[in-house]
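> I'd like to go over a predicted model; first the sequence, then the structure.
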Amino acid sequence: MTRQQLIDALAPLVLADRRTEAAERPRSTPYYFLNINHPVLRRYYLDYLTKIGEAAPPGDETRTRFELAMLHPAALNSLAEHYKSQGRM
């Protein structure tokens, strides 16, 4: 599986977990991996949106794909193993 295919497979799973967390804890904000308002990350985020032709504000899945794209391959593989161990991937 290519890196992009792994990101594409993981994004809906991570997003589903975020939505479950939000439903179970309505008073807390769902977690994100990265703070896209940090000046350095904001530049990467806007470049990513331009690269994929997405207008801001993007959808939740686009945000999740960006965050996953910023992770080291070992972190992506670890996340994939987590979902495989749950039988979700």
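Cool, got the structure.

> make it CA atoms for all contacts and neighbour counts henceforth
Noted.

> counting contacts, what elements does the longest helix seen in the chain pack onto?
Once the chain is assigned using DSSP state H, the helix that runs over the most residues is helix 3-24. Other helices and strands packing on helix 3-24, by 3 or more CA pairs under 8 Å, 6 or more residues apart in numbering; DSSP states H and E, are helix 60-70, helix 73-85.

> out of those, deepest packed?
Across those, averaging neighbours per residue (mean count of other CA atoms under 10 Å) puts helix 60-70 on top, at a mean of 18.

> Next, the angle helix 73-85 makes with it.
For helix 60-70 against helix 73-85, the angle by axes from the mean of the first three to the mean of the last three CA atoms, to 10 degrees is 130 degrees.

> Quickly find the element holding Ser28.
Secondary-structure element containing Ser28, defined by DSSP states H and E: none, the residue being outside all helices and strands.

> which residues of the protein score low on pLDDT?
Within the chain, the segments meeting pLDDT under 70 span 56.

> center of it - which residue?
Centroid-nearest residue in the chain: Thr64, 2.3 Å away (criterion: CA atoms, centre = their mean).

> For that residue, give me its contacts.
For Thr64, the contact set (CA atoms under 8 Å, 6 or more residues apart in numbering) comprises 11, 14-15.

> So Glu54, which state does it fall into?
When classified by DSSP: H, G, I helix; E, B strand; the rest coil, Glu54 comes out as coil.

> how close does it get to Pro73?
Glu54 sits at a distance of 24 Å from Pro73 (criterion: CA to CA, to the nearest Å).

> rewinding a little: show residues contacting the longest helix of the chain.
By CA under 8 Å, 6+ apart, the list of residues contacting helix 3-24 reads 28-31, 60-61, 64-65, 68-69, 73, 76, 79-80, 83, 88-89.

> rerun at 10 Å
Contacting residues not belonging to helix 3-24 are listed as 1-2, 25-26, 28-32, 60-69, 71, 73, 76-77, 79-80, 83, 88-89 [CA atoms under 10 Å, 6 or more residues apart in numbering].

> check contacts around the residue of the chain most remote from its centre.
Among the residues of the chain, the one whose C-alpha is farthest from the average of all C-alpha positions is Arg27, by CA atoms, centre = their mean at 21.5 Å. The contact partners of Arg27, taken as CA under 10 Å, 6+ apart, number zero.
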